[in-house]
Every structure is written in C-alpha cells, then in structure tokens.
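> how would this look folded up:
(2 chains)
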Amino acid sequence: MPTPPSDFDVKYVANLARIQLTPEEEQKFGAQLNNILGYIEKLRELDVSSVEATAHAVPLVNVTRKDDVRPSMPHEEALRNAPSKANGLFLVPKIVE
Amino acid sequence: MLNQLTISELRTKLSKRAASAKEVTQACLDQIKRVDPQVRAFLSVDETDAIAQAEAADRAIAAGLPQPLLGIPIAIKDVLAVKGQPLQCGSKILDKFISPYDATSIAKLRKAGAILFGRLNMDEFAMGSSTENSAFGHTRNPWDLDRVPGGSSGGSSAAVAADECIASLGSDTGGSIRQPAALCGVVGVKPTYGRVSRFGLVAFASSLDQIGPFTKDVRDAAILTRVLAGHDPLDSTSIPEPVPDYTADLKGEIRGLRLGLPKEYFIGGMDKEVSAAVQTAVKHLESLGAQVQEISLPHTDYAVATYYIVATAEASANLARFDGIRYGIRVEGADPNELYMKTRGAGFGAEVKRRIILGTYVLSSGYYDAYYLRAQKVRTLIRQDFLKAFEKVDAIVTPTSPTPAFKAGEKSDDPLQMYLSDIFTISCNLAGISGISVPCGFTSSPKLPIGLQLLGKPFGEGTLFRIAHAYEQSTNWHKEKPEWITKLS
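Model (predicted):
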C-alpha cells in the first residue's frame, strides 16, 4: 500500500469543515482517515494527463426554465423547522458589533 | 396474508374487490407489530395517516379510478420528503424536522394512488453499507437477526423481506439499493442517473444519487420504476427522455441478448458460495438463450478510491447546510462559528464526520488537483470502460456483493473494509448507468440470500427488467421467505 500523506492534520481539516471533535475522535479519525488516504493513493498509478474530468455522468448544459412568477413556500412554513425564531425571522448569534 | 402479496397480485385482488386497500394496509401495520420489534426496519409509522389514505384509496377504487398503484402500501426511506411527516436521514442533527413538501417521487406515487407510510431506517445521511450508522439503532437482517441488512437503505430492504410493506423506496449513491436488496433477498433497482427526479431527496453526493424501488419481484420493480421515472422541471439533472412501459417486454424471452462477464469482477476475495451461485445463474441465463462473453472493465480496481473522493467531496458541500440555523438541532455558541462547530460536532455521527472531513480535505487548497480533479478524470476512464463494453453487450452480469450479509459489528470499526464491501456496486453510479439486483440463491449454513447484479446502458432499464424477469420466473428464488417470518405471519 502506498504511503499516506504525512501532512494530514485532522484537527485543522475538521476546523475547515466546522466540526468540533473530541480528543478521542481526533485520534481515532486521524488514524482511520490516514488509512483511507493511503488506499486512495492508488489513483496515482494512472496517467490521466490527457483525460477530461467528468463532473456529471450525463452531461446536460444550460438547463433553464421560463422566468415566470410562481408561488413559493409560505413564510411560516419556511420557518416551521427553525431551532430559534422571532418576528418572522431566524434568530442567530450576534454577527456585527 | 395480504401483506405477503406483490403489487400485481394486489392489483387483481383490489380491482375484483376481493380485498380492500384498508385491509391490505392493516395487514402491513399488523405485520410491523409482529416482526418489527426484532427487525427494526421502521423509525416511525403514522398509522392514522396510513389508514386515512387507505380509506381514500377504497373510495377511489369504488369510483373506478384506474391509477396504477391504487391502494398499494409503500414504505419510504427516511431520506425522502413526505409532506407533514418527519425526516431525519437517520441523524440526530435533523431532530424534529417535518417535511414542508413532497419529493417529486412521492408526489408521483401519490398521483398513482399509492398509500405512503412509515419512515425506514438507514445509515446516517445514506453513508454506510450496513445500517449500523443510524443514530437510532441498527436494523437487523430478517434472514439472520445477528447480521446486517446491508445499507444504506437497510430499513427499506428488511421491511420488504419481512413483508412489512408491499414495496419500498430507497436511494442509491454507491450501491445503497442493490447491496441491501442482495443481502435481504429482494429486488432493488438503481435507475440511470437522471431517470428519476431527485427533488425532495436529501442530497448526499448529487452527481451519484438516484432514487429507486425495492420490490418482491421484477414485475413490481418495472411497475414502480415506470411511475417514478420521467423529467421534472424541479430537478435540472433529470433527463427529458420518454418513459417506456417496462412491463410490456416481460415475456420471459431473452434469446440472442448479449451478456458480458467482466473478468475483473471474478478474482480473489469473493465468498465461494456467492461465486458459485453467480456462475450457476450465468449458466442458467445461457440456457435461456442469452449469449455470454467475457469482457474487460480495466479500471475496476480504481472505482472504490475514485468514489470515496468524489462522493465525500460532494457530501462535504451538500452537508454544509446542516449548521443549526434554519432547521434541526442547535447548540448555542458565543459566535456563529462556535455555534456551527458545536452543533455539527454534537449532531453528526462518526461516519458522517469522517466523510465530511475527507471531502473537505480532497477539495482543499493544494490538494484539489491531486485528489478531486484526478478522481474526476479516473471517473471518465471508468465511464468509458462501460460505454466500450456496451458496444459489444446488452447488459453486464456480476455478483451484487462479494459476500452475503456480514455480522453486526464485524466491520463497524474498520471504515476501509466497509467501503470495500461496495466494490461491485460503486462503478455503476460513477458511470451513471442503470443497475438491478435480483435474488440468485442462498448460502447453505446459515441460509443467507445471494444477489445477482445486472448492469445496463444509460436508459437501459427495460433490458435489465427483461433479463431479470426471465431469470426470476424460471428459478423462484424470490419466493423464499425467512422461516420465522412465515411462522409468525
């Protein structure tokens, strides 16, 4: 099995992904993800220099619809699942001083 | 027992008034009470709502309405939006979420007259191959309660195998319909990418996800796929391709059809009984008149690695929306960043966290070209392998899973081993083609189902149904049931 990258820092990447990990999770996931990254290294065996990337298997381009006015979800429905709301708005922690 | 019947059998009974939709629905609800304390396929069931739908269906039957699924109870994986019903994707993070609208697939089933009920257990956000990653406990395989039903749609496959519903819906991103169908001994279909609208399906990996049915036989799968398929203006990736009547060609006639056996799928690591059952099935297909030839899919060995880059990258973006602001749980923090970190840390389970972290890493600055872009290029090679093969053959035959159902806990601490159990199903999603799993035998001791996978061209579902139906009708594996389920019923 190829060597996994030595610079994989699970804490740093979890922070980028906005996921708080416990110290136990950091240790466990770090080891498991290194193992998976080692496996993924096998893609380096292939020469892909002249291959186009596939983002979607069935290419459809410029899918548009008519710019017609149509009903949208009622305000109160959109707020129904909110964990915190007031005056028809989502409540969030203070963002600007 | 009405709950043991197929859609086509029930259609006959209902139209002759030999049974009512209410009786059929009650039979399913009774079976859930009998067997689900052991199987644990359902997260919840709204009985009142199911009975109300059944009574409406009986009125429609009395009025002579000709809908194709009128009065048929179909259970739903907890990843699809059903208006007014809970939706949690097997996750704590979507605690108390109620769907504000119907998914297009659900709206189509409603229009066809189906009774939609229950929330079926799944691996959290469809990430897993055993249904052990659900935040609400794992579902058990009706054939052996110590074993997993497969995943991620393990609730959907177990519920059909245990006759708790007539059919069910699941979703398949890397095998999540076909693998559990194989492990539970039922039929499961992964339609071509773009065949079924994804509107109202909670996204895992948007370029791979497809919705499909679990059924008791191939004819039912053809009936349901026809209802589900078709263009939807609400999903820009759904394809405006006409939907054929898939049942019209189910005549048991497959003479002259060309089947390919990929040599890369029959090497090492496969369970001996699985391998033998698949070889026997191939001989059987030959005896029915199919022409079998060896083919090569040279990039097969790279599929799992490619998948776990593409799927996790897309998941890391799709699951960014679960941040504690608009729905689900919220763990308060001093600032928005702390709120996101704590909410996602508390709300997501281990496998979802691992995959989001992996996906974030392969997309991050400095690693994008080495991982994500390279994987997208290998995806092109994998797709080309299939398109080349389909110049020579009409369908490809493989095992669905390298092993029968494994024991709960056996792979849960080793994510890579779990990923490798999807080795035969993953390429189909990367290539965007169609696939089906049908029962093709059992292991001897313990008796566990084995699945045969057929892979077809893009929009080749009709050919797959034709082959699978001819095979099924001349073998009858699909009629076997777990003994304890039959005794209880």
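
> domain assignment for chain B?
Following automatic domain parsing, one finds the domains of chain B at B:2-264+B:275-296+B:382-488, B:300-377.

> so which of the ones you listed is nearest A:N15?
Closest approach to A:N15 among those (Cβ to Cβ): domain B:300-377, 7.7 Å. Placement of C-beta: from N, CA and C, glycine included.

> average pLDDT for the helix or strand containing B:T306?
Assigned by DSSP states H and E, B:T306 falls within helix B:303-318. In this model, helix B:303-318 carries a mean pLDDT of 98.

> now tell me what touches it from outside.
Contacts with helix B:303-318, where a contact means Cβ atoms under 8 Å, 6 or more residues apart in numbering or on different chains, come from A:17, A:36, A:39-40, A:42-43, B:125, B:127, B:173-174, B:203-208, B:355-360, B:362-363, B:371-372, B:374-376, B:378-379, B:382, B:419-420, B:422-423, B:426-427, B:429-430.

> might you specify the subset of those residues located within helices?
The members of the contacts of helix B:303-318 that map onto helices under DSSP state H are A:36, A:39-40, B:355-360, B:362-363, B:374-376, B:378-379, B:382, B:419-420, B:426-427, B:429-430.

> mind listing what the spatially closest residue to B:L14 that is not a sequence neighbour touches?
Excluding its sequence neighbours, the residue lying closest to B:L14 (Cβ to Cβ, 6 or more residues apart in numbering or on different chains) is B:G71, at 4.9 Å. Residues in contact with B:G71 (Cβ under 8 Å, 6+ apart) are B:10, B:14, B:20-21, B:24, B:54, B:57-58, B:60-61, B:113, B:115.

> then B:Y371?
Contacts of B:Y371 (Cβ under 8 Å, 6+ apart): A:40, A:43, B:309, B:361-363.

> residue of chain B closest to chain A, please.
Here the residue of chain B nearest chain A is B:G432; by Cβ to the nearest Cβ that distance is 2.4 Å.

> which one is residue 84 nearest to, not counting chain neighbours?
Let's take chain A. Per Cβ to Cβ, 6+ apart, closest to A:S84 is A:L91, 4.1 Å.

> let's do chain B instead
Residue nearest to B:G84 in three dimensions, not counting chain neighbours: B:I98, with 6.4 Å by Cβ to Cβ, 6+ apart.

> which parts of stretch B:112-127 are buried?
Buried residues in stretch B:112-127, counted by 16 or more other Cβ atoms under 10 Å in any protein chain shown: B:112-127.

> is that stretch anywhere near chain A?
No - if you take Cβ under 8 Å from any Cβ of the partner chain as the test, stretch B:112-127 misses chain A, and the best it gets is 13.2 Å.

> how long is that stretch from one end to the other?
30 Å (Cα to Cα, to the nearest Å).

> and if you look at stretch B:259-272?
22 Å.

> any part of it near chain A?
No - Stretch B:259-272 lies apart from chain A when judged by Cβ under 8 Å from any Cβ; the minimum separation is 14.4 Å.

> what is the rounded mean pLDDT of that stretch?
The pLDDT scores in stretch B:259-272 average 91.

> same check on stretch B:441-456?
Stretch B:441-456 carries an average pLDDT of 97.

> just the pLDDT for the residue of chain B closest to chain A.
You'll see B:G432 listed with a pLDDT of 97.

> which residue is the nearest non-sequential neighbour of it?
B:G432 sits nearest to A:A57 (Cβ to Cβ, 6+ apart), 2.4 Å away.

> so that neighbour sits in a strand?
No - applying DSSP: H, G, I helix; E, B strand; the rest coil, one finds A:A57 to be coil, outside a strand.

> contact partners for the spatially most central residue of chain B?
The residue lying closest to the centre of chain B (Cα atoms, centre = their mean) is B:I177, at 2.0 Å. Applying Cβ under 8 Å, 6+ apart to B:I177 gives the contacts B:153, B:156, B:170-171, B:188-190, B:212, B:214, B:437.

> report the beta-bridge partners for the closest residue to B:C428 other than its chain neighbours.
In this structure, B:C428 finds its nearest non-sequential neighbour in B:G435, 4.3 Å apart by Cβ to Cβ, 6+ apart. With DSSP bridges as the criterion, B:G435 is bridged to B:K190, B:L455.

> quick check, pLDDT for B:G435.
Note for B:G435: predicted pLDDT of 98.

> does it touch B:L455 like I think?
Yes - taking Cβ atoms under 8 Å as the definition, B:G435 is a contact partner of B:L455 at 4.9 Å.

> list the residues that contact both of the two?
Applying Cβ under 8 Å, 6+ apart, one finds that B:G435 and B:L455 are jointly contacted by B:428, B:464.

> coming back round to it: okay but the residue nearest to B:G432 is in contact with B:R383, surely?
Yes - using Cβ under 8 Å, A:A57 is in contact with B:R383, at 6.0 Å.

> ok, those two, which is more surrounded?
Neighbours per residue, other Cβ atoms under 10 Å in any protein chain shown: of A:A57 and B:R383, the larger number sits with A:A57, 23 against 20.

> buried ones in stretch B:284-302?
For stretch B:284-302, a neighbour-count test (16+ other Cβ under 10 Å) marks B:284-285, B:288, B:290, B:292, B:295, B:297, B:299-300, B:302 as buried.

> would TSV of those with distance to A:N62 be doable?
TSV is the format used below for those (distance: Cβ to Cβ, whole Å):
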residue	distance to A:N62
B:H284	47
B:L285	42
B:L288	45
B:A290	41
B:V292	42
B:I295	35
B:L297	32
B:H299	30
B:T300	34
B:Y302	31
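
> so which of those residues reach chain A?
Restricting these to those near chain A - Cβ under 8 Å from any Cβ - leaves B:299, B:302.

> show me the two of the buried residues of stretch B:284-302 that sit farthest apart.
Top of the distance list for the buried residues of stretch B:284-302 (Cβ to Cβ): B:L288 and B:Y302, 33.6 Å.

> strands of chain A, residue ranges please.
Listed in chain order, the strands of chain A (DSSP state E) span A:85-86, A:89-90.

> so for chain B, which of the ones you listed sits nearest?
Set against chain B and scored by Cβ to the nearest Cβ, these come closest in strand A:89-90, at 5.9 Å.

> quickly check: the closest one near chain B or not.
Yes - Strand A:89-90 comes into contact with chain B (Cβ under 8 Å from any Cβ), by way of A:F90.

> re the thing from before, what would the strands of chain A look like in a markdown table with mean pLDDT?
Shown next, in a markdown table, are the strands of chain A (pLDDT from 0 to 100):
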| stretch | mean pLDDT |
| --- | --- |
| strand A:85-86 | 96 |
| strand A:89-90 | 95 |
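
> how close does B:K190 sit to B:Q453?
According to Cβ to Cβ, to the nearest Å, B:K190 stands 9 Å off from B:Q453.

> start and end of stretch B:120-133, how far apart?
14 Å.

> residues in contact with the closest residue to A:K85 other than its chain neighbours?
Distance criterion Cβ to Cβ, 6+ apart; nearest residue to A:K85, sequence neighbours excluded, is A:L79 at 5.2 Å. By Cβ under 8 Å, 6+ apart, A:L79 lies in contact with A:85, A:88-90.

> can you redo those as TSV with neighbour count?
Output for these, formatted as TSV (neighbours: other Cβ atoms under 10 Å in any protein chain shown):
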residue	neighbour count
A:K85	14
A:G88	9
A:L89	11
A:F90	14
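
> quick check: of those, which lies closest to B:K251?
A:F90 (56.9 Å).

> residues in contact with that closest one?
A:79, A:82, A:84, B:325-326.

> so in chain A, where's the weakest helix or strand by average pLDDT?
Counting by mean pLDDT, DSSP states H and E, chain A has its least confident helix or strand at helix A:75-79, which shows a mean of 93.
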